[in-house]
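> one predicted model, sequence on top.
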2 protein chains.
Amino acid sequence: MDTNEYEDFLSNLKSYQGNPKCFLLQSLEILHGKWTAKIIFHLLKSESMRFGDLKKAIPAITNTMLTTTLRALEQQEILNRRQYNEIPPHVEYFLTEKGSALLPIFYELWHWGKIYPIENGISE
Amino acid sequence: MDTNEYEDFLSNLKSYQGNPKCFLLQSLEILHGKWTAKIIFHLLKSESMRFGDLKKAIPAITNTMLTTTLRALEQQEILNRRQYNEIPPHVEYFLTEKGSALLPIFYELWHWGKIYPIENGISE
DNA sequence: CTGCATCCCGAGGGATACTG
DNA sequence: CAGTATCCCTCGGGATGCAG
């Protein structure tokens, strides 16, 4: 973690006066969907995954939601779609640089959750 | 950022095989509400705030949602409620240690959003 | 000032079946 | 294999009014 950068953040935080361009809250919107984080999570550890791989990794997700979420993430340039023109179809999804840069956020979330575990554990 | 801790995280990430106790995704649930992050955000910079202060800081929120979100955060021990038995009523909200520990997550979100700004800026 | 009660709405998400 | 097409429904959130 860059110390100067961190100071910058703190001073920005303190001086915030309702500024609409708030990086922080915008970033959070990226992760808002029910499945968004799970998909990014699996792509962070696997370089690239096919549609079916993601379905296997996240059994509860439906085709519709997987497609919808993937499309949304693609549009936000979090991930890319690589299509091989074969029969049967073969499509791979992988994080962009922007998507991979989410790793530190995931680390901090993990770290926080480890220190302050949730009592009412989430079942699924 | 602790390097050993980070290595731990990476190895956990790689070896994840559908483990239901996923700190990462549980932590994310904390921030899911529409107003949750905004409230924490304002408390991070102000030590303590009254109900009315939060309403002024987040004009778009309704009484109902402010109350609901505050109660939820209180139950999760993110913040505490201090009530002064005065007329008129006087209540203050402030982050717990657990709540304050969210700061690094907010820093990383801010940092990421600064590097990769969102084109279709969020209006409000 | 700080909230609760009530009623209401729509978007986000789910189920199922079908296709190139 | 990798999706579309439809239809359906829950529930998170909004509006308004009242109360201690």
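Received, thanks. None of these values were measured; they are calculated from a predicted model.
> so which bits of chain A are right by DNA strand C?
A:32-35, A:60-65, A:88-89 (Cβ under 7 Å from any atom of the strand). C-betas here are computed from N, CA, C, even on glycine.
> for those residues, work out which two are farthest apart.
The most widely separated members of the residues of chain A next to DNA strand C are A:His32 and A:Pro88, with 33.2 Å between them, by Cβ to Cβ.
> other residues contacting the helix or strand hosting A:Glu5?
Mapping A:Glu5 onto the secondary structure by DSSP states H and E places it in helix A:3-15. When contacts are defined by Cβ atoms under 8 Å, 6 or more residues apart in numbering or on different chains, helix A:3-15 is touched by residues B:41, B:44-45, B:106-107, B:110-111.
> repeat that for stretch A:37-56.
Contacts made with stretch A:37-56 from outside it, assessed by Cβ under 8 Å, 6+ apart, are listed as A:31, A:57-58, A:61, A:63, A:66, A:69-70, A:73, A:78-79, A:82, A:90-95, A:99-100, A:102-103, A:106, B:13-14, B:16, B:24-25, B:28.
> give me that answer again for 6 Å
For stretch A:37-56, contacts defined as Cβ atoms under 6 Å, 6 or more residues apart in numbering or on different chains pick out A:31, A:57-58, A:69, A:91-95, B:13-14, B:28.
> kindly check the end-to-end length of that stretch for me.
With Cα to Cα, to the nearest Å as the measure, stretch A:37-56 spans 16 Å from end to end.
> closest to DNA strand D out of the contacts of stretch A:37-56?
Taking Cβ to the nearest atom of the strand as the measure, DNA strand D lies nearest A:Val91 of the contacts of stretch A:37-56, at 3.8 Å.
> what's the closest non-adjacent residue to that closest one?
Setting aside the residues directly before and after it, A:Val91 is nearest to A:Gln83 in space (Cβ to Cβ, 6 or more residues apart in numbering or on different chains), at 5.1 Å.
> let's verify A:Arg81: helix, strand, or coil?
Three-state assignment for A:Arg81 (DSSP: H, G, I helix; E, B strand; the rest coil): strand.
> identify the bridge partners of it.
The bridge-partner assignment for A:Arg81, based on DSSP bridges, gives A:Tyr93.
> quick one: it and A:Ser46, what's the gap?
When Cβ to Cβ, to the nearest Å is applied, the distance between A:Arg81 and A:Ser46 equals 15 Å.
> which one's more surrounded, the two?
Taking other Cβ atoms under 10 Å in any protein chain shown, A:Arg81 and A:Ser46 do not tie; A:Ser46 has more neighbours (16 against 13).
> many thanks, we can stop here.
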